[in-house]
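Novice: All I have is the shape, not the residue letters:
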């Protein structure tokens with residue numbers, strides 16, 4: 001992962017370590033979202049109304065818990081981003097290094113994130129493209145990295161640290177062997 005950056009804020013390719021892995025979250029969310037509130041509700045309700053009335057809280061956890069676990073499993077599957085020497089994996093989809101346009105990756109590394117309608121130095125225009133990985137839409141607060149494939153199509157990759165993904169892609173497209181941990 002990128003640990004150092006040049007002074008101008010761009011990602012440092014020399015610091016990128018392959019494989020770069022970005023998971024979509026963890027099961028600790030389920031503990032914080034379901035078990036902690038249910039346990040706290042049980043303890044408070046037991047102190048106030050008695051244990052028999054407080055049994056509703058474990059039932060709430062049994063109903064809501066599987067829904068939260070399914071949600072966490074889904075985000076871990078569809079928001080996972082892996083960049084290795086062979087290419088980019090975003091959720092369920094795999095893009096070999098030969099399919100990723102290095103000109104766009106270098107442009108993003110030098111000038112920052114791309115926006116739809118932006119004109120590139122080669123004269124092409126950035127389009128929104130499709131979101132890859134299997135998700136319907138990006139989650140709130142996630143970064144979206146726009147990339148062009150060598151066949152000219154545009155894709156959007158949801159990631160939490162787009163500059164690190166770009167640095168890893170640069171290392172991947174440069175060969176990546178020198179940066180292997």
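Specialist: Done, it's in. Just so we're clear, the structure is a prediction, and the values are computed from it rather than from any experiment.

Novice: For the residue nearest the centre of the chain, give the beta-bridge partners.
Specialist: Centroid-nearest residue in the chain, with C-alpha atoms, centre = their mean: residue 159, separated by 2.9 Å. In this entry, residue 159 is beta-bridged to residue 143, by DSSP bridges.

Novice: any chance you could map the strands in the protein?
Specialist: Counting by DSSP state E, the chain has these strands, from start to end: 20-22, 81-84, 87-90, 93-96, 130-131, 143-148, 154-159.

Novice: circling back to that earlier point, would you quantify the distance from the residue nearest to the centre of the chain to residue 117?
Specialist: In this view, residue 159 and residue 117 are 22 Å apart by C-beta to C-beta, to the nearest Å. Where C-beta positions appear, they are placed from N, C-alpha and C, glycine not excepted.

Novice: for this structure, what are the low-confidence residue spans?
Specialist: 1-16, 176-181 (pLDDT under 70).

Novice: per the record, what domains does it have?
Specialist: Domain ranges of the chain: 17-23+80-179, 28-76, per automatic domain parsing.

Novice: Check the gap between the residue nearest to the centre of the chain and residue 71 for me.
Specialist: Taking C-beta to C-beta, one finds residue 159 at 19 Å from residue 71.

Novice: Residue 85 now?
Specialist: 32 Å.
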